[in-house]
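K.L.:
What shape does this take:
(chains A, B, C and D)
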There are 2 protein chains.
Amino acid sequence: MSDASSAIERFSRYQSDDAQSVEPVHCPVRDVLDCIGDKWSILMIMTLATRPRRFSELHRAIRDISKRMLTQTLRDLERDGLITRHVFPTKPPSVEYCLSPLGQSLLDPMASLIDWADRRYSDIHAARVRFDRAPCDVPRQ
Amino acid sequence: MSDASSAIERFSRYQSDDAQSVEPVHCPVRDVLDCIGDKWSILMIMTLATRPRRFSELHRAIRDISKRMLTQTLRDLERDGLITRHVFPTKPPSVEYCLSPLGQSLLDPMASLIDWADRRYSDIHAARVRFDRAPCDVPRQ
DNA sequence: TAGGGTAGGTCTCACATAGAGACTTTAGAG
DNA sequence: CTCTAAAGTCTCTATGTGAGACCTACCCTA
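P.N.:
Model (predicted):
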């Protein structure tokens, strides 16, 4: 278990009032969110973790994404250099997506997040049940 | 640098075709996304990492969130047991939010993601510039 | 005693984003 | 001669998000 304080300290430096008022200091949390902070990116990267996949393979693997968002998410990840796109000149042409080295470098930090989810999900689930069962005894205002 | 293969293997087991068709296997990636996969949660948790904060402090720290989304994000995080909410009976009442132990346990994995962003952001930025400069030489279809 | 400020929200409306599903092109299979 | 498949694009509709007015209760100042 590593120590989170350095990342937290960097982030809070960004958040100080003068940092916000003068110039947009480079915030690593915003950077992460900018790349993978949307609905599908993390799922996409994990799906490509084991091997390259073609468009419709990805669609079958993540059944609840629309083609529209699949296209858009892949394009954004390609733009950020996390995946690469290869067109094979078959008829009809087939397109393969795979993680770039940069995308692969994301797997380790992502894995630690997944491990967290795996270990803690039962706690989260329990908290939800507790919260949903007692909606009225805490008046909001 | 830890080894991501175990998390990847767990995830790909979830994604196999029979897993999807028969019953919804418990997928840790979906679990993560379910809790912190929205626009503001990660930012909120990082803002609460150093110390508890009150509603309007949070609003000042994250200036581009609306009150509406601030309320909703805090409620969702509270529901998941990641933060706790304390009302102090002052007049008018003040409300303090702070990370629960469960929320604090998220800081380590999140820090590894932030470290990644810090180290790799220049690569991502370079990839973006490259992509945006060559929009036409790769016909999509 | 009227007016203004503060705290933590809620409410409504307008706009931006996401999803569903039809449509496209080219070729091979039956 | 029709059907299917590939990798998308396009349009329409549904959902999510943001802006900002409003609320309640109290304190302070004039």
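K.L.:
For the rest of this, base every contact and every neighbour count on C-alpha atoms.
P.N.:
Noted.
K.L.:
Going along the chain, name the strands of chain A.
P.N.:
Using DSSP state E, the strands of chain A run over A:53-54, A:83-88, A:94-99.
K.L.:
if you look at the last one, does any of it touch DNA strand C?
P.N.:
Looking back up the chat, that one is strand A:94-99. No: on the criterion CA under 7 Å from any atom of the strand, strand A:94-99 is out of touch with DNA strand C, staying 10.9 Å away.
K.L.:
Briefly note if that strand comes near DNA strand D.
P.N.:
Yes: counting by CA under 7 Å from any atom of the strand, DNA strand D is contacted by strand A:94-99 at A:Ser94, A:Val95, A:Glu96.
K.L.:
Can you add neighbour count and give those residues back as TSV?
P.N.:
Listed next are those as TSV, based on neighbours: other CA atoms under 10 Å in any protein chain shown:
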residue	neighbour count
A:Ser94	13
A:Val95	16
A:Glu96	16
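K.L.:
for chain A, what spans make up the helices?
P.N.:
Remark: helices assigned in chain A by DSSP state H are A:5-15, A:17-22, A:28-36, A:41-47, A:55-61, A:67-79, A:101-105, A:107-133.
K.L.:
pLDDT-wise, what's the bottom of the residues of strand A:94-99 next to DNA strand D?
P.N.:
Within the residues of strand A:94-99 next to DNA strand D, pLDDT reaches its minimum at A:Ser94, with 93.
K.L.:
just for chain A, where's the confidence low?
P.N.:
A:1-2, A:17-25, A:135-141 (pLDDT under 70).
K.L.:
what residues does it put near DNA strand D?
P.N.:
Residues of chain A lying near DNA strand D (CA under 7 Å from any atom of the strand): A:Arg54, A:Phe55, A:Ser56, A:Glu57, A:Lys67, A:Arg68, A:Thr71, A:Pro92, A:Pro93, A:Ser94, A:Val95, A:Glu96.
K.L.:
What's the ChimeraX line that selects buried ones from the residues you listed?
P.N.:
Selecting only the buried entries of the residues of chain A next to DNA strand D in ChimeraX, with 16 or more other CA atoms under 10 Å in any protein chain shown as the criterion:
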select /A:54,55,95,96
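K.L.:
Closest one of the residues of chain A next to DNA strand D to chain B?
P.N.:
For those, the closest approach to chain B (CA to the nearest CA) belongs to A:Pro93, at 8.4 Å.
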